[in-house]
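Colleague: Kindly generate the corresponding structure for this input.
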Amino acid sequence: MTRITPTVGRVLHFIPTAGYMAGRKLAFGNPTQPLAAVIAYVHSDTMVNLTVWDQNGEQFSVCSVPLVQDGCDMVVGSFFAKWMPYQKGQAAKTESLESQLAGKPAIGIDLAAEQDRCVRVFLEKGAIVKVEGIPLELDHDAVVRVHPANVPLIFLPRTARPAESSE
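Modeller: Okay, the predicted model is just below:
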């Protein structure tokens, strides 16, 4: 069961009650469709503040909305938010990829470039990199220049490195 960590800016489905929508005079003529919402603030993994759009596209805010994830209990008779099916599928794919590729070598390094306070990192096809915390498997070789602090490796001191060839 995949749990998704909520972050500001992520899109959710907001499931209001008819009474809540009527009380705020917001469009909610078809209760079978959820409302689009974006996370404005995260209280915890199970509680968020949202910016929501009603069925006419009018924007409104809702604070302290329970975020229901798979395996969590839902409060009957109350509004709540949930992840869209697409996001749950992407999270499951990411979790599966991470487990399949655990321990797979990811990178090689050109230590000669360190003198520029940058390191050229050679990423082979199949290497795992994280982009904004999301692990991705490369489908081609790549070379990138990064600051050594951003490379999750331990560098040998200069005295412990193999002697460079003069050729």
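
Colleague: pLDDT weak spots in the chain?
Modeller: Across the chain, the ranges flagged by pLDDT under 70 are 1-2, 71-76, 98, 100-117, 119, 132-133, 146-167.

Colleague: Spell out the residue ranges of the strands in it.
Modeller: 11-15, 35-44, 47-53, 59-68, 80-82, 107-110, 119-123, 128-131, 134-137, 142-146 (DSSP state E).

Colleague: ok, residues contacting the first one?
Modeller: Residues external to strand 11-15 that are found in contact with it (Cβ atoms under 8 Å, 6 or more residues apart in numbering): 6, 34-39, 48, 50, 52, 62, 65, 67, 79-84, 87. Using the backbone N, CA and C atoms, a C-beta is placed for each residue, glycine as well.

Colleague: Going by neighbour count, which of these are buried?
Modeller: Burial by neighbour count, judged by 16 or more other Cβ atoms under 10 Å, picks out 6, 35-39, 48, 50, 52, 62, 65, 67, 79-83, 87 from the contacts of strand 11-15.

Colleague: now, of the strands of the chain, which is deepest in the fold?
Modeller: Among the strands of the chain, the stretch with the highest mean neighbour count (mean count of other Cβ atoms under 10 Å) is strand 80-82, at a mean of 21.

Colleague: What is that strand packed up against?
Modeller: For strand 80-82, the elements it packs on are strand 11-15, strand 59-68, judged by 3 or more Cβ pairs under 8 Å, 6 or more residues apart in numbering; DSSP states H and E.

Colleague: Sheet-wise, list the partners of the last one with their directions.
Modeller: For strand 59-68, the paired strands and their directions (DSSP bridges) read strand 47-53 (antiparallel), strand 80-82 (parallel).

Colleague: So which residues make contact with that strand?
Modeller: With contact meaning Cβ under 8 Å, 6+ apart, strand 59-68 is reached by 6, 12, 14, 16, 24, 26, 37, 40, 43, 45-54, 74-75, 78-82.

Colleague: can you rerun that using 10 Å?
Modeller: The contact list for strand 59-68 (Cβ atoms under 10 Å, 6 or more residues apart in numbering) reads 4, 6, 12, 14-16, 20-21, 24, 26, 35-54, 72-75, 78-83.

Colleague: Then stretch 47-54?
Modeller: The contact list for stretch 47-54 (Cβ under 10 Å, 6+ apart) reads 6-8, 10, 12-14, 16, 21, 24-29, 34-43, 58-67, 79, 81.
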